[in-house]
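Novice: sharing a sequence plus its predicted fold:
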Amino acid sequence: MKFIDSILKEGRTFYPSHEFSRRAHIKNFQEYSRLYKKSVENPEAFWAEKAKQLDWFRKWDIVLRNDMGFFKWFEGGYLNVCHNCVDRIVKSGKGKKAALIWEPESGEHKTYTYEELLKEVCRLANVLRKLGIKKGDVVEIYLPMIPELPIAMLACARIGAIHSVVFAGFSSDALKDRIQDSSAVLLITADGSFRNGKVFPLKDNADAALKECPSIKNVIVAKRANNGISMSDGRDFWWHELVNDAEDFCGAESLHSEESLFILYTSGTTGKPKGILHTQAGYLLFAYQTFKWVFDIRDNDIYFCTADIGWITGHSYIVYGPLSNGATIVMYEGSPTFPNPDRFWRIIEKHKATIFYTAPTAIRALAKEGDEWPNKCNLSSLRLLGTVGEPINPEAWMWYHEMIGKKRCPIVDTWWQTETGGILISPLPGATPLKPGSAAKPFFGIVADVLREDGSKAGINEGGYLVIKTPWPGMLRTIWNNPEKYKSTYFEKFGVYLTGDSARIDEEGYFWIMGRIDDVIKVAGHRIGSAEVESSLVSHRAVAEAAIVPYPHDIKGQAIYAFVVLKKGFEKSDGLREELRNHVSKTVGPIAKPDKLQFADDLPKTRSGKIMRRILKAVAEGSRDYGNIMTLADPGIVEILAKDRI
Ligand code: WT7
């Protein structure tokens, strides 16, 4: 019997065009395989070679050291991450190149060249120093998607302060918890932020949190929404007033490779958020190199990533990866549906974006709105698409491929985590044949595998625990304030890095992520990953989104309860319910046929778009014990789901 059964059948393969491959950094599968083999035979040599492309103030003494389970990269080396992302690019002659194109929700966009970015970062860095911020101090950043956000992060990096960005959609309680855990001394926030044309009172939220955060000495407030706020005398200062008086240049601190760069709390679909710690050189190198090759970056690319910088995707692939490559980034402030559900497509058209990186949840939500929206826009500038955050079901992949990429653009399905710092498993667009729904192959230097409960290697297409067997430069270094938890969460079970995901490897060595291991359902003796059943449901023409959870069943032990959101134009009916249950039975097998199927208008998701199955599980069980629902995008939907329970 298999540890986890795989039921998804997907046989399509798509090859990169000759034209794409010819110009790519990695040009064919043989080149990938050869380089990959070399990189895992001697990862230290591979990474040392790549590290030479960064500017170092002092070269490292040793590439990698295992300090009793805590991994250190490039010890003895000194550099500055901000210098590498900005000054180094200016010095290379690209000072006049656009670094950041900021698209506000309403109004005119604004562009910062690398030179201008350097000046803004330096001015804020000088302000921080003047406020007494020193190397190793934690600076909390609670800002919306405005240029001040990357500027604040880079200014911290420049002087060696540790930034901790809190997603601006989070409540004051979430902010308070994170400030208290990190003992931040300074908060950088804004008066308010815009979303769907409405003002969100960021500063009011911050004030509420600060009542219980005595560690915060000062607050810097960026003016964005012009909403009335109160400023606490002696504690709060306006950003624009402070930088007005600041010098245009600020020297970059020389920092040891293993000094802390940032803390980022995981979005956490379960339990208490963990403060993931990343350090300087290894993180930067990993973000730099993965961005370069996975996005196959060229000098004239316009790269648009829709993630919020409050998540790791924004840290690594809006800020550090793209800037260290001297790329041009489009950063969007607001909602994907403002004023209409074509906003992303309009932004691509307006800025002639060549690379577009988003999440499956956004793809499904926009596909639900109908094809007329992308069809009205000129998307011909695109040459590469990416996804991240969840398994992408083959049907959403196909829609993305046909409607957005016009069958022309490779799709990189990038698997990684807050903890991994950067992409670990992904196609390389000029080299890897694509299979819809598979994240394909490990990146250079990454040794990934799938294990059974007893630690033995799972067979071909047998699901199990996804693990990473050797360290990589971008890996987390610890959990802030909790090194024991770092060891027990990630290394206790198998002695190698445990990702928490379930996956299988097919006959060609392709990785298929099956969802979180906690979401595996055991039905009549078979273990089934949530992603595969959901994928089957979404492949039905009426379904926009689906989530499955287990509920107790007298005979089977556990049975499957499905929640289904329909596409526009389809009516909820008993007939359709039966059709959907049978559809699963037909496409993946009777074992996966949902016993119950509830139609829903929406699913409970984290602010980063991940479905919170533990809440759905409570609903399915008829329990009111939802646990913490604070991180939900819309807590109101829980009661509606419970009311409609079958
Ligand atoms: C979890 C990490 C990595 C940036 C955003 C999320 C899931 C992520 C994929 C993918 C299937 C994926 C995993 C992972 N995930 N990318 N391409 N295919 N699943 O960061 O909040 O730390 O979440 O997201 O379950 O463990 P995060």
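Specialist: Good, I have the coordinates.

Novice: remind me, longest helix of this structure?
Specialist: Secondary structure of the chain read by DSSP state H shows that its longest helix is helix 114-130.

Novice: contacts for it?
Specialist: Identification of contacts with helix 114-130 by C-beta atoms under 8 Å, 6 or more residues apart in numbering yields 82, 86-87, 89-90, 94-97, 99-100, 112, 139, 147, 151-152, 154-156, 158-159, 161, 186, 220, 239, 242-243, 246-250, 326. Yep, even glycine has a C-beta here, placed from its N, CA and C like the rest.

Novice: and the residue lying closest to I479 once chain neighbours are set aside, what pLDDT?
Specialist: Leaving out its chain neighbours, the residue that sits closest to I479 by C-beta to C-beta, 6 or more residues apart in numbering is Y486, at 4.5 Å. Y486 is assigned a predicted lDDT (pLDDT) of 96.

Novice: following element in sequence after the longest helix of the chain, please.
Specialist: Sequence order places strand 138-142 as the next helix or strand after helix 114-130, per DSSP states H and E.

Novice: picking up where we left off before, so for the longest helix of the chain, what gets flagged as buried?
Specialist: Neighbour counts over helix 114-130 (16 or more other C-beta atoms under 10 Å) mark 114-129 as buried.

Novice: pLDDT of it, averaged?
Specialist: 98.

Novice: can I get the helix or strand containing F344 as PDB, trimmed to CA atoms?
Specialist: Here F344 sits within helix 343-351, counting by DSSP H and E. The C-alpha trace of helix 343-351 is given here as PDB (Å, rounded to 0.1, in the frame of the first residue of the first chain):
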ATOM      1  CA  ARG A 343      -6.800  45.800 -13.400                       C
ATOM      2  CA  PHE A 344      -3.800  43.400 -13.600                       C
ATOM      3  CA  TRP A 345      -4.200  43.000 -17.400                       C
ATOM      4  CA  ARG A 346      -4.500  46.800 -17.700                       C
ATOM      5  CA  ILE A 347      -1.300  47.300 -15.800                       C
ATOM      6  CA  ILE A 348       0.500  44.800 -18.000                       C
ATOM      7  CA  GLU A 349      -0.800  46.600 -21.000                       C
ATOM      8  CA  LYS A 350       0.100  50.100 -19.700                       C
ATOM      9  CA  HIS A 351       3.600  49.300 -18.600                       C
END
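
Novice: just checking: what are the partner strands of the next helix or strand after that helix?
Specialist: Downstream of helix 343-351, the first helix or strand assigned by DSSP H and E is strand 355-358. Using DSSP bridges, the strands paired with strand 355-358 are strand 302-305 (parallel), strand 384-387 (parallel).

Novice: so how far is strand 355-358 from its chain's centroid?
Specialist: In this view, strand 355-358 has its centroid 12 Å away from the chain centroid, taken as C-alpha atoms, centre = their mean, to the nearest Å.

Novice: now what about it, what contacts it?
Specialist: So strand 355-358 is contacted by 295, 297, 301-307, 313, 317, 344, 348, 382-388, 404 (C-beta under 8 Å, 6+ apart).

Novice: pLDDT on it, on average?
Specialist: Across strand 355-358, the average pLDDT comes to 98.

Novice: beyond that strand, next helix or strand please.
Specialist: Scanning forward in sequence from strand 355-358 by DSSP H and E, the next helix or strand is helix 360-368.

Novice: so what secondary structure elements neighbour that next one?
Specialist: Judged by 3 or more C-beta pairs under 8 Å, 6 or more residues apart in numbering; DSSP states H and E, helix 360-368 is in contact with helix 394-399, strand 543-553.
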